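> Show me how the following folds:
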Amino acid sequence: MGRRRENRWQPPEHPEVERPRAYSLSEEARGPDVCHAVTPAPVWAWVQFPTFHIRVKGFAKSWTRDAVLVEWAQFGQQADAWVWRSAVKHRALRTDRADRHPANAPR
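Numbering: from 1, shown residues only. Just a heads-up that it's a prediction; the model follows:
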């Protein structure tokens, strides 16, 4: 008969790989007169990383005439970056199912 192995799981022997960070505009590029949102607005935003670009589903927290501070979830953690205003588009949040279907409508 075989023997049951105890403690099968072993932690990885290699160190955790550092996750890439998004590029963020400098203070000079984004400009003065920063407006802060009372309630962050839902947006789609193109974010640049060292080796790729990605469209993220995030929230606009602050903005200037030229740039927007976008916050999103990245690898299970909060991330944010200043991006050009032209890289950001508004998006609509999903409404509750009860709001989409009248009470007497079939589902």
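> so where do the strands sit in this structure?
Shown for the chain, the strands assigned by DSSP state E span residues 35-48, 53-63, 67-74, 77-84, 88-90.
> Need the winner for burial among these.
strand 67-74 (a mean of 21; mean count of other CB atoms under 10 Å). In short, each C-beta sits where N, CA and C put it, glycine included.
> which helices and strands does that one pack with?
Counting contacts by 3 or more CB pairs under 8 Å, 6 or more residues apart in numbering; DSSP states H and E, strand 67-74 packs against strand 35-48, strand 53-63, strand 77-84.
> Which among those is found nearest to E13?
Of all the helices and strands packed on strand 67-74, it is strand 77-84 that lies closest to E13, at 24.1 Å by CB to CB.
> so what's the spatially most central residue of the chain up against?
The centroid of the chain falls nearest to W72 when counting by CA atoms, centre = their mean (1.9 Å). The contact partners of W72, by CB atoms under 8 Å, 6 or more residues apart in numbering, come to 45, 47, 56-59, 78-80.
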